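Student: got a predicted structure here, sequence first:
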Amino acid sequence: MSKPKVTLIITQRERFSLTKPSLESILSDYAAYPFDLIYVDGNSPAHIQQYLQQQTQIHQFMTLIRRDRYLRSNVARNIALPEVKDADYIVFLDNDVIIEPGWLKQLVDCAQEEQAGIVVPLILQGQPGSPEIEVHVAGIKTVWRQRKFGKKWFEQKQLLYAKQLRDIEQDLQRTSVDSVEFHCLMARHSLMKSVVLDEVFDSLASHTDLCMQATDLGEKIFLEPSSRVTFLNPRQITLFTEYDIPFYLFKWSEKSIRDVFNRTYSKWKIAKDDPSIWSIWKWVIQNRQLPAKWSTEEGSTERKILQFCQHRWCPGWLRTLLEYIVFKRVFPKSGIPSNLKEVVNTSV
């Protein structure tokens with residue numbers, strides 16, 4: 001039986017500054033399980049663009065696609081998908097994950113043995129390799145609750161979120177899950193020809209929409225915890241450069257998130273009074289504010305303004321205006337210094 005062929009598609013989640021450590025971790029493990037790689041670059045700054053171009057010259061298996069505009073995640077993935085030619089599996093990766101050696105073979109083995117349409121690794125968060133590292137997500141449990149007039153509520157729970165790996169590692173095992181996240185996700189190529197990556201959805205709901213389509217097609221979704229990657233979560237890895245901020249705010253803008261929710265109401269028949277909706281909104285607001293938060297002191301006027309913006313009754317237009325003013329006042333031109341420790345020692 002021939003070895004399954006894999007193509008990696010890397011897209012930019014929310015920051016450009018993590019491009020190099022993420023990509024170098026992936027390239028350093030190429031020999032363990034060779035792959036083709038398509039990197040979609042949406043308007044990265046000149047030094048990042050130059051770095052990516054240099055990597056394509058060094059690595060013949062790497063293709064770079066450049067667009068001179070910011071790209072939402074599914075838009076970028078849809079640009080890359082037609083370029084996938086000879087592959088049994090496609091791995092979608094965000095540009096802010098660090099892989100652990102052997103990650104890809106473990107995913108392929110799971111997909112082959114379980115005949116799964118989608119397989120994901122255990123996704124960690126924090127400093128890669130740290131004894132304090134936590135679980136970001138070990139699959140997602142989804143519960144639907146029926147309402148009147150055909151409307152529904154839905155609840156999702158990130159399994160093992162924020163649990164320290166050392167406390168739960170001995171209990172981890174391969175298991176089927178309801179849904180997964182796009183930080184690192186492997187799908188059978190034939191499945192990707194049968195689904196549609198909805199371009200309205202971005203980092204907030206794209207994974208749920210894909211998993212719902214896969215489930216409707218009778219596909220199995222598996223977590224393979226022996227394969228591991230670390231998501232460089234901005235709540236813990238606080239690096240932000242001046243080049244990151246416009247892209248970061250583009251990805252989490254009030255309008256784009258409103259578009260996502262309007263799409264879920266119509267496409268999934270979600271009730272607009274679903275109590276989970278505001279909790280997700282508040283998470284988005286807090287996440288969007290992180291670079292400004294890391295630039296202010298607790299108790300400062302700017303911090304109080306940010307907290308005011310997190311109230312449900314704060315109009316979106318006012319929230320956008322106030323957050324913009326705070327960003328302009330507090331974010332340092334030099335950026336927020338990196339607290340990311342060296343994670344790759346292998347020269348590539």
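Tutor: Ah, there it is. Numbers count the residues shown, from 1 in each chain.

Student: what is the neighbour count of the residue nearest to residue 288 when sequence neighbours are not counted?
Tutor: Leaving aside its sequence neighbours, residue 288 sits nearest to residue 252 (Cβ to Cβ, 6 or more residues apart in numbering; 4.0 Å). For glycine as for every other residue, the C-beta is placed from the backbone atoms N, C-alpha and C. Counted with other Cβ atoms under 10 Å, residues neighbouring residue 252 total 19.

Student: residue 252 reaches residue 13, doesn't it?
Tutor: No. Between residue 252 and residue 13 there is no contact under Cβ atoms under 8 Å: 10.7 Å.

Student: so what's the residue nearest to residue 288 scoring on pLDDT?
Tutor: Residue 252 carries a pLDDT score of 95 in this model.

Student: quick one, phi/psi of it?
Tutor: phi -120, psi 30 (degrees, to the nearest 10).

Student: and it, how far from residue 267?
Tutor: Counting by Cβ to Cβ, to the nearest Å, the gap from residue 252 to residue 267 is 21 Å.

Student: tell me the contacts of residue 89?
Tutor: 4, 5, 6, 7, 107, 108, 111, 186, 187, 188, 189 (Cβ atoms under 8 Å, 6 or more residues apart in numbering).

Student: could I get these as CSV with distance to residue 294 and pLDDT?
Tutor: As requested, those are exported to CSV (distance: Cβ to Cβ, whole Å; pLDDT from 0 to 100):
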residue, distance to residue 294, pLDDT
4, 42, 96
5, 42, 97
6, 36, 98
7, 36, 98
107, 33, 98
108, 38, 98
111, 39, 98
186, 33, 98
187, 35, 98
188, 40, 98
189, 40, 98
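
Student: from the residues you listed, which land in strands?
Tutor: With DSSP state E as the criterion, strands contain 6, 7, 186, 187, 188 from among the contacts of residue 89.

Student: and these, which two are furthest apart?
Tutor: Pairwise distances across the ones in strands among the contacts of residue 89 peak at 11.9 Å for 7 and 188 (criterion: Cβ to Cβ).

Student: give me the common contacts of these two.
Tutor: Common neighbours of residue 7 and residue 188 (Cβ under 8 Å, 6+ apart) are 89, 90.

Student: what segments of the chain are helices?
Tutor: 19-27, 46-58, 73-80, 103-114, 165-168, 189-192, 206-216, 244-251, 254-267, 275-288, 290-293, 301-309, 316-330 (DSSP state H).

Student: out of these, nearest to residue 143?
Tutor: Per Cβ to Cβ, nearest to residue 143 of the helices of the chain: helix 275-288, 10.1 Å.

Student: who's in contact with that closest one?
Tutor: Contacts of helix 275-288 (Cβ under 8 Å, 6+ apart): 153-156, 204, 234-235, 248-249, 252-253, 257, 261, 270, 309-310, 312, 319, 323.

Student: kindly report the same for stretch 68-79.
Tutor: Contacts of stretch 68-79 (Cβ under 8 Å, 6+ apart): 9, 11-13, 40, 42-43, 65, 67, 92, 94, 182, 197-199, 201-203, 206, 246-247, 250-251, 256.

Student: quick one: mean pLDDT for it?
Tutor: Mean predicted confidence for stretch 68-79 is 97.

Student: kindly report the same for stretch 190-205.
Tutor: For stretch 190-205, the per-residue pLDDT averages 94.

Student: ends of it, how far apart?
Tutor: One end of stretch 190-205 sits 22 Å from the other (Cα to Cα, to the nearest Å).

Student: swap in stretch 24-36?
Tutor: End to end - Cα to Cα - stretch 24-36 spans 15 Å.

Student: report the rounded mean pLDDT for that stretch.
Tutor: So the average pLDDT for stretch 24-36 ends up being 97.

Student: quick one: least confident helix or strand in the chain?
Tutor: strand 152-158 (a mean of 84; mean pLDDT, DSSP states H and E).

Student: circling back to that earlier point, ok, of the contacts of helix 275-288, which come out buried?
Tutor: Taking 16 or more other Cβ atoms under 10 Å as the criterion, what is buried in those is 153-154, 204, 234, 248-249, 252-253, 257, 261, 270, 309, 319, 323.

Student: thank you kindly, that will do.
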